[in-house]
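**Q** sequence plus the predicted model coming up.
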Amino acid sequence: MTDSRTALEALDECDKVVSRLDKMCCAPGRSPQMKQLAGTLAIARTELAEPRDDTVNVASVIKVLESAGSQLGRLQVGCCAPARMPLYSQALDTLMEMQRTVKSDDGMDH
């Protein structure tokens, strides 16, 4: 991952990884959880597309990313295939990258 990548570019990668995880999953009962995660990422995309003029919008984006992270974590812990762990890690890394980018774009970089 590069520092110059935008939050939307990181989200594009996260979407691809989640889609790949969904296609590789052998447990049909997890499909609704994957779809919910995809929906949360779609909300993140909408939030990121909005102009970030104030900390309210940044806080909103962060809340969505937190939700996506908790969904990914639940899916990762429940996954029966250790070979897919790097994909979960990659998806979580992109969420953290988005969080850092959104905060730094708003001057909230700590």
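**A** Everything's here; your move. Numbers count the residues shown, from 1 in each chain.

**Q** grab the longest helix from this protein for me.
**A** In the chain, taking DSSP state H as the definition, the longest helix is helix 55-78.

**Q** now it, how far from the centre of its chain.
**A** The gap between the average C-alpha position of helix 55-78 and the chain average comes to 7 Å, counting by C-alpha atoms, centre = their mean, to the nearest Å.

**Q** which strands or helices does that helix pack on?
**A** Helix 55-78 makes packing contacts with helix 7-24, helix 31-49, helix 85-105 when contacts are defined by 3 or more C-beta pairs under 8 Å, 6 or more residues apart in numbering; DSSP states H and E. The C-beta positions use only the backbone N, C-alpha and C, and glycine is treated the same way.

**Q** which of the residues in it are buried?
**A** Counting neighbours by 16 or more other C-beta atoms under 10 Å, one finds that the buried residues in helix 55-78 are 57-58, 60-62, 64-65, 67-69, 71-72, 75-76.

**Q** could I get those residues as TSV with pLDDT and distance to R30?
**A** Written out in TSV, the entries for the buried residues of helix 55-78 read as follows (pLDDT from 0 to 100; distance: C-beta to C-beta, whole Å):
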residue	pLDDT	distance to R30
N57	81	32
V58	85	31
S60	89	28
V61	90	26
I62	93	26
V64	96	21
L65	96	21
S67	97	17
A68	97	16
G69	96	17
Q71	96	11
L72	95	12
L75	93	7
Q76	93	11
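
**Q** show me the two of the residues you listed that sit farthest apart.
**A** Within those, two members stand farthest from each other by C-beta to C-beta: N57 and Q76, at 28.5 Å.
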